[in-house]
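> When you get a sec, could you give me coordinates for this:
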Amino acid sequence: MARFRRMEVLETMIGTGLVPIFYHRDPEVGMKVAGACAEGGSRLLEFTHRGDRAHLVFAELIQRCEAEHHELIVGAGSIGDPHTAALYLASGANFIVAPNFNPEVARICNRRKVPYVPGCGSATEIAAAEEMGAEIVKLFPADALGGPKFVRAIRGPCPWTSLMPTGGIEMEEDNIRDWIDSGVACLGMGAKLIAKELLARGDYPEITRRVRQILDWVRAARGGD
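From the prediction side, this is the model:
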């Protein structure tokens, strides 16, 4: 079962403003990524369900993180159906993220009091997800939908909506500031943050640096120190 309460997970997502996202089939690489993200100041990590037996890698990763990175909140991404959601929830996922909205996944997450962050691409989908209890909705694919302009358009009539854009977030201060200024709750960053070439050469200090830099830019855009 999840180690972290639903409200703590949601507050951490909104409070820090960043959810690093990655997949790798090797649990040892996963632990090094977890350590790099934690060292960079992130309390969140999303492991995506992308490869064969990915759930087995996730189960080992989350168990080891509990011992070695106790404050790191690890969740599962790319979860499109309730059966896969149940698999990851049974492994201890602290949140579930999806590229789509599935009411059955919402129900199973609600039963376990685990945050569900479904992917949506329209005002109607966002409203449907919120009706099923989604506190934060993933905007996906964020850049293809219109970027920060889309967020502003949605939040104009629906200022209560909390969005996590994912897809096309750049490692650039101006881009981060534009997203934050548009009113997003947090940012989901994968390939531009935990890049495949960094994993290939084992450059975990660069992942740490990038995570720290994004968090600094988020705080600055929000008016922090």
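> the helices in this structure, which residues?
6-16, 27-39, 54-68, 82-90, 103-112, 123-131, 148-155, 173-182, 196-201, 204-221 (DSSP state H).
> okay if I get those helices as a markdown table plus distance to Phe140 and mean pLDDT?
For every residue, glycine as well, the C-beta is placed using N, CA and C. A markdown table is the format used below for the helices of the chain (distance: least, C-beta to C-beta, whole Å; pLDDT from 0 to 100):
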| stretch | distance to Phe140 | mean pLDDT |
| --- | --- | --- |
| helix 6-16 | 15 | 98 |
| helix 27-39 | 21 | 98 |
| helix 54-68 | 19 | 97 |
| helix 82-90 | 17 | 98 |
| helix 103-112 | 15 | 98 |
| helix 123-131 | 10 | 98 |
| helix 148-155 | 11 | 97 |
| helix 173-182 | 14 | 98 |
| helix 196-201 | 20 | 96 |
| helix 204-221 | 18 | 98 |
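> Just send the ones you listed back as CSV, with distance to Leu45 and mean neighbour count too.
Output for the helices of the chain, formatted as CSV (distance: least, C-beta to C-beta, whole Å; neighbours: other C-beta atoms under 10 Å):
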stretch, distance to Leu45, mean neighbour count
helix 6-16, 11, 17
helix 27-39, 5, 20
helix 54-68, 8, 17
helix 82-90, 14, 19
helix 103-112, 18, 18
helix 123-131, 23, 16
helix 148-155, 24, 17
helix 173-182, 19, 18
helix 196-201, 14, 12
helix 204-221, 10, 18
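> If we ignore the residues flanking it in sequence, what's nearest the residue lying farthest from the centre of the chain?
What lies farthest from the middle of the chain is Pro157; by C-alpha atoms, centre = their mean that is 25.1 Å. Counting by C-beta to C-beta, 6 or more residues apart in numbering, Pro157 lies nearest to Ala123, which is 8.0 Å off, once chain neighbours are set aside.
> Give the full set of residues in contact with the closest residue to Asp81 other than its chain neighbours.
Using C-beta to C-beta, 6+ apart and skipping residues adjacent in sequence, the residue nearest Asp81 is Asn102, 6.4 Å away. Counting by C-beta atoms under 8 Å, 6 or more residues apart in numbering, Asn102 touches Gly80, Asp81, Pro82, Pro118.
> do the same with Ala142
Phe150, Pro165, Thr166, Gly167, Gly168, Ile169.
> For it, which non-adjacent residue is spatially closest?
Pro165 (3.4 Å).
> how many neighbours does the one you found have?
For Pro165, the neighbour count with other C-beta atoms under 10 Å is 26.
> So what pairs up with it in the strands?
Leu139 (DSSP bridges).
> How confident was the prediction at it?
On pLDDT, Pro165 comes in at 98.
> ok, it - contacts?
Contacts of Pro165 (C-beta under 8 Å, 6+ apart): Lys138, Leu139, Phe140, Ala142, Gly147, Val151, Trp179, Val184, Leu187, Gly188.
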